[in-house]
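*Asks:* Sequence and predicted model, in that order:
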Protein chains: 4
Amino acid sequence: MIDERRPDRRGALVAAAYARIATAGFEGLRTRDVAADVGVNIATLHYYFPSKEALIRAVIGYAVGRFQATMPGAGSAVDQLRAHLRAIAELLRADPRLWAVMSELVLRAPRDTSLADIFRQTDGYWHRTLAELIQRCIDAGAVAPDLDASGTARLLIVAIKGMSLPALAGDPSDIADQVFTQFERLLGLDELH
Amino acid sequence: MIDERRPDRRGALVAAAYARIATAGFEGLRTRDVAADVGVNIATLHYYFPSKEALIRAVIGYAVGRFQATMPGAGSAVDQLRAHLRAIAELLRADPRLWAVMSELVLRAPRDTSLADIFRQTDGYWHRTLAELIQRCIDAGAVAPDLDASGTARLLIVAIKGMSLPALAGDPSDIADQVFTQFERLLGLDELH
Amino acid sequence: MIDERRPDRRGALVAAAYARIATAGFEGLRTRDVAADVGVNIATLHYYFPSKEALIRAVIGYAVGRFQATMPGAGSAVDQLRAHLRAIAELLRADPRLWAVMSELVLRAPRDTSLADIFRQTDGYWHRTLAELIQRCIDAGAVAPDLDASGTARLLIVAIKGMSLPALAGDPSDIADQVFTQFERLLGLDELH
Amino acid sequence: MIDERRPDRRGALVAAAYARIATAGFEGLRTRDVAADVGVNIATLHYYFPSKEALIRAVIGYAVGRFQATMPGAGSAVDQLRAHLRAIAELLRADPRLWAVMSELVLRAPRDTSLADIFRQTDGYWHRTLAELIQRCIDAGAVAPDLDASGTARLLIVAIKGMSLPALAGDPSDIADQVFTQFERLLGLDELH
DNA sequence: AATGAATGAGAGTTCATTCAT
DNA sequence: AATGAATGAACTCTCATTCAT
């Protein structure tokens, strides 16, 4: 049982590290800053996380977890696809920091085996799920029959990834709107969002 | 005029830094490593570049320059669009390191005003050029008339950006093939590559 | 009176610290390790010993006490001398850790006044006792009459100390055998062990 | 060619570390102190020695080298034995710090494989050399014929080691005198020093 | 009697940068 | 044009110690 009067230091440290990575990148992540953000001594950070690396792992778990929550759940294929794309759009709007962190993680993955494993799994699952969903939409006659399910899934994924990168020209939410509108058109679905 | 017998230290240092960023990221960029890669003393690096930041600027110039070379040149709209997408596909295949560096730069941009300026300009120019090109293709009847030029340009750009991120699930060139095939289908163009 | 159902935490902590010093030296003595060895929290250690220094004092008392138990007791001079040397030989065989700890203590003594006092006293007493014993053996005609009691006592002491240092070439017990055989020969006593 | 105007920083750092170990032991060795003793920045120490461990290796080499210089050289067996014991006595008088450092090293050896190797070799060589020398003295009729060369060598070695430990009761040089006098008597040699 | 949580001080190490040569 | 030597500042991490419970 958690004593609610006691602050959740562990969680606070992960949140602080997450925020630091979002704004300063891994390049600018300093354990002292994280500890200071939470208002604890640097030794306290090491009380909860044996090393900076361990703290980073916790941040990875947190970020990947949030992302995976957008994965399709129950319902008809069309509903699931719609729900998934809407959830992504919503997440993009609601927590831009998540995308900043995810981008940092993606760039880090080639040098971090365990992170690469996570992405390999997540990305693979994402693509399979999306392709299957699109195929079921085609079978159900809800989207254009001449569509290549796998290729379309791929395009959606890379476009979403590309959108998650910091947008420097134009308003990010305008860009997202434009892109999601293109998704609709591509899939032949109406009212995506 | 450059004396060809004398090694181009400056260029070699930029190339070494570029390679280091591609493999280790900004996070892992060490001036000592760069100097060692070229086989010169660390002080020599500072003779050519007053600071690490200056070296990074040079790398940025180099990378952005290479990227800008893929921008559409002369010819009919359809030819230009085809040529541009082909050039991107070719670059993606030929120098994966450029994409790694570009991704690193994109992530760094929010914390680096001058880099942000560069991307704002480049991305803006890229989008305008692409949108205009697509519009001209539409006007010429070469692509589907119901296409939104600006939105399609946006989708192409984010998808290309997304593709430039390290791909961890699936073969990168397969992914590129799938995505470029989707581009064709989307634009209604044949023989993109 | 000690409640036997309750574990002797104090004693266990001293024993654990003693073992740690024997294997890792003072250099490698960590209070956390000692507490962990006993299976208690680090704060519990500080409940019994206000400081690391206090714990070390207790270990010193324990080690010196064990060593002093080998000091000659009752009996004829020859018997006492024999008994003493045998006890040392036995201790050397039975508890090599004691010697490791004693060596660590000796090296620490120059920087630790109170420890230096202990050794000054112990060593002085040891030398006086041994010299007197040897003299009484000489007087009793049991050992060579031309022996210098004080000098011989000194040699025995330094040799025993030298033997207590970690032996790296040769088997420690072989070395001890050789040295004790030399003692016999030197003193003209038979059957020392 | 060494520029004599330039200070030998490497050597100075080794000397300072040597002195620190002699007075404070490994337990009290701090790289910052060593650097401060030499009057350089801590980073300078790391310029010459990649790690504290590397600095310690250099000190070991220095100390062991000085000790090995006392190993018997040329001459008749009796002369060599005399010279060796005199050299040890002299070293004991001249540089007490060497013995302090050697003692620290001996205690460290069980936890340091490479150091243990050094001592295994040095001690083994020392014992073989001494035993052989004593045997040759016996053969030459210079020392008592009933002496066990190996055992006597062992006794000499452990006694010298014991003497090298900090003496806390009595004047160190008096102790050395007494012990060397006992060596003479034991070997039946006159005028050892 | 015992603990989980927290800390201050300080450890070794790294790195971009400088400067005399 | 190039370097070896040196440094200040900052980094992650450790450890004995404290304190509320």
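*Replies:* Here it is on my side, so go on.
*Asks:* hey, let's count contacts and neighbours off CA atoms from now on
*Replies:* Will do.
*Asks:* which regions of chain A lie under the pLDDT threshold?
*Replies:* Counting by pLDDT under 70, the ranges of chain A that qualify are A:1-5, A:190-193.
*Asks:* got the residue ranges for the helices in it?
*Replies:* A:9-24, A:31-38, A:42-48, A:52-68, A:77-94, A:96-108, A:113-139, A:149-164, A:172-187 (DSSP state H).
*Asks:* I'd like the distance between the closest residue to chain C within chain A and chain D.
*Replies:* For chain A, the residue closest to chain C is A:Y47, as judged by C-alpha to the nearest C-alpha, at 13.2 Å. Counting by C-alpha to the nearest C-alpha, to the nearest Å, the gap from A:Y47 to chain D is 25 Å.
*Asks:* what's around that residue, how many residues?
*Replies:* 11 (other C-alpha atoms under 10 Å in any protein chain shown).
*Asks:* Go through the helices of chain A and name the closest to D:F26.
*Replies:* Closest to D:F26 of those is helix A:42-48 (C-alpha to C-alpha; 25.5 Å).
*Asks:* just checking, what packs against that closest one?
*Replies:* helix A:31-38 (3 or more C-alpha pairs under 8 Å, 6 or more residues apart in numbering or on different chains; DSSP states H and E).
*Asks:* does chain B sit close to the helix it packs on?
*Replies:* No. Helix A:31-38 is not in contact with chain B by C-alpha under 8 Å from any C-alpha of the partner chain; minimum separation 14.9 Å.
*Asks:* contacts for that helix?
*Replies:* Residues outside helix A:31-38 that contact it (C-alpha atoms under 8 Å, 6 or more residues apart in numbering or on different chains): A:R9, A:A12, A:L13, A:A16, A:A17, A:R20, A:N41, A:I42, A:T44, A:L45, A:K52.
*Asks:* Buried by neighbour count: which residues of that helix qualify?
*Replies:* Within helix A:31-38, the residues that count as buried by 16 or more other C-alpha atoms under 10 Å in any protein chain shown are A:T31, A:D33, A:V34, A:A35, A:D37, A:V38.
*Asks:* Can you narrow the residues you listed down to the ones near DNA strand F?
*Replies:* Among those, the ones lying near DNA strand F by C-alpha under 7 Å from any atom of the strand are A:T31.
*Asks:* so which of the buried residues of helix A:31-38 would you say is closest to DNA strand F?
*Replies:* A:T31 (4.1 Å; C-alpha to the nearest atom of the strand).
*Asks:* For the closest one, give its distance to chain D.
*Replies:* In terms of C-alpha to the nearest C-alpha, A:T31 sits 22 Å off from chain D.
*Asks:* Next, the contact list for A:P145, please.
*Replies:* A:I138, A:D139.
*Asks:* Not counting sequence-adjacent ones, nearest residue to A:F183?
*Replies:* Closest residue to A:F183 apart from its sequence neighbours, by C-alpha to C-alpha, 6 or more residues apart in numbering or on different chains: A:L156 at 7.4 Å.
*Asks:* which residues does the residue in chain A that chain D sits nearest to contact?
*Replies:* Proximity of chain A to chain D (C-alpha to the nearest C-alpha) peaks at A:S51, 20.6 Å away. A:S51 makes contact with no residue under the criterion C-alpha under 8 Å, 6+ apart.
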